[in-house]
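Colleague: Okay, structure incoming, though there's no sequence with it:
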């Protein structure tokens, strides 16, 4: 356990500005947090502190899980086992139902498949997310909420089930098993999709504000038609995606389940290490080739509009490569152009920047970031200090 304002860990001398910034962030904001930075395959910053955080603390990484799931899919693609341009139905025949026969795998990764939510008539609750086969069967039967390929809308929970089922069909392994055998195992990285029971005691509970977004009021204020299928699906989504305060999300069963868009558990070290191994070698392990990374970080959705039912929830439209978020100036700039990675609800952040050789992981147990209107207040000083250290 650390004292409230005590910074623990180490930073190379070159990155002393980052250590100083972390200490200021820790003093200014509640909760525990951890920061890890790799430079050219070597960890140069490993810091933690706040509350009951220790060197071994774990957190639910929220949507940072999506980036890790994308790495798994790209590993299969690089090995020639998964063709991103092939129809999903080639690997998952049941997916062809509902007019989805022509959807390529890459549209699952770029959030263009039109399956951003469960359909408006689907009676899905939080506990149902623990039943993998029931959920993927529901998505396989569902019709898209927009014409696939024509729009880009964040698939907040469905991304993991969609990409994960393709991974399972191709590899014969669940996402969590594939991750352990082909990514985190070789890297000795503490990250799981499906947390083993022996690590449950290390998991810090989410600390989140009470209440939530009044979506109906937002729609009224912006003149969005609440009767469209996508709007009705959005209005129904809180019954299965209620946020970290929901009792189901806090159970051992939820932590043990594989929900590859939202419930990956790990720490900043693991996230930074995984991204470092995507852009270079880490202790003899490299996950992706430079060619795959270049393809993965190429903007894929900049020319595609966001449905109005989703566009009203953010000041900047989403930008995606192949499964990774790309930097947006006002919300999640990372280290600017060339960066790729993923944010996580409440303030988690993970990314790589190949040009500088930097891989970055920040985790926390206290939700401060709303994901809609600007960057987390903890990120800005840390990223600014990192840039200063690289000059």
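Modeller: Looks like it arrived, so ask away. Treat the numbers as computed from the prediction; the structure is a model and nothing was measured.
Colleague: Tell me where the chain has strands.
Modeller: 7-11, 33-39, 42-49, 59-60, 191-192, 265-266, 340-344, 348-353, 358-364 (DSSP state E).
Colleague: which residues are in contact with the third one?
Modeller: Under the criterion C-beta atoms under 8 Å, 6 or more residues apart in numbering, residues 2, 5-12, 14-15, 18-19, 22-23, 26, 32-38, 54-55, 57, 268-269, 272-273 lie in contact with strand 42-49. In short, each C-beta sits where N, CA and C put it, glycine included.
Colleague: Repeat the analysis, applying 6 Å as the threshold.
Modeller: Residues from elsewhere that reach strand 42-49 (C-beta atoms under 6 Å, 6 or more residues apart in numbering): 2, 6-12, 15, 18, 22, 26, 34-37.
Colleague: ditto for the first one
Modeller: By C-beta under 6 Å, 6+ apart, the list of residues contacting strand 7-11 from outside reads 2, 18, 19, 22, 23, 26, 45, 46, 47, 48, 49.
Colleague: Of the contacts of strand 42-49, which pair is most distant in space?
Modeller: 2 and 12 (21.1 Å; C-beta to C-beta).
Colleague: neighbour count winner among these two?
Modeller: Counted by other C-beta atoms under 10 Å, residue 2 and residue 12 do not tie: residue 2 has more neighbours, with 19 against 16.
Colleague: returning to what we had before: quick one, which of the strands of the chain gets closest to residue 91.
Modeller: Comparing the strands of the chain by C-beta to C-beta, strand 340-344 comes nearest, at 23.5 Å.
Colleague: related to what we said a few turns ago, so among the contacts of strand 42-49, where is pLDDT lowest?
Modeller: Ranked by pLDDT, those bottom out at residue 2 (51).
Colleague: Residue 319: neighbour count?
Modeller: Neighbours of residue 319 using other C-beta under 10 Å come to 18.
Colleague: Leaving out the residues flanking it, which one is nearest to it?
Modeller: With C-beta to C-beta, 6 or more residues apart in numbering as the criterion, residue 319 has its nearest non-adjacent residue at 4.1 Å, and that residue is residue 326.
Colleague: Can you tell me how far the one you found is from residue 125?
Modeller: 33 Å (C-beta to C-beta, to the nearest Å).
Colleague: out of the two, which sits in the busier spot?
Modeller: Ranked by neighbour count (other C-beta under 10 Å), residue 326 and residue 125 place residue 326 first, with 23 against 11.
Colleague: Return the residues in contact with the more buried one.
Modeller: 299, 319, 340.
Colleague: and which of the residues you listed is nearest residue 102?
Modeller: residue 299 (22.8 Å).
Colleague: Give me the pLDDT value at the closest residue to residue 218 other than its chain neighbours.
Modeller: Residue nearest to residue 218 in three dimensions, not counting chain neighbours: residue 312, with 5.8 Å by C-beta to C-beta, 6+ apart. The model reports residue 312 with a pLDDT of 91.
Colleague: Tell me, how many residues neighbour residue 312?
Modeller: Residue 312 has 16 neighbours, counted by other C-beta under 10 Å.
Colleague: My read is that it contacts residue 221, right?
Modeller: No: Residue 312 is not in contact with residue 221 according to C-beta atoms under 6 Å; the separation is 8.2 Å.
Colleague: Residue 76 contacts residue 82, correct?
Modeller: Yes: Residue 76 is in contact with residue 82 according to C-beta under 6 Å; the separation is 4.0 Å.
Colleague: intersection of neighbour lists for those two?
Modeller: Common neighbours of residue 76 and residue 82, counting by C-beta under 6 Å, 6+ apart, are residue 170.
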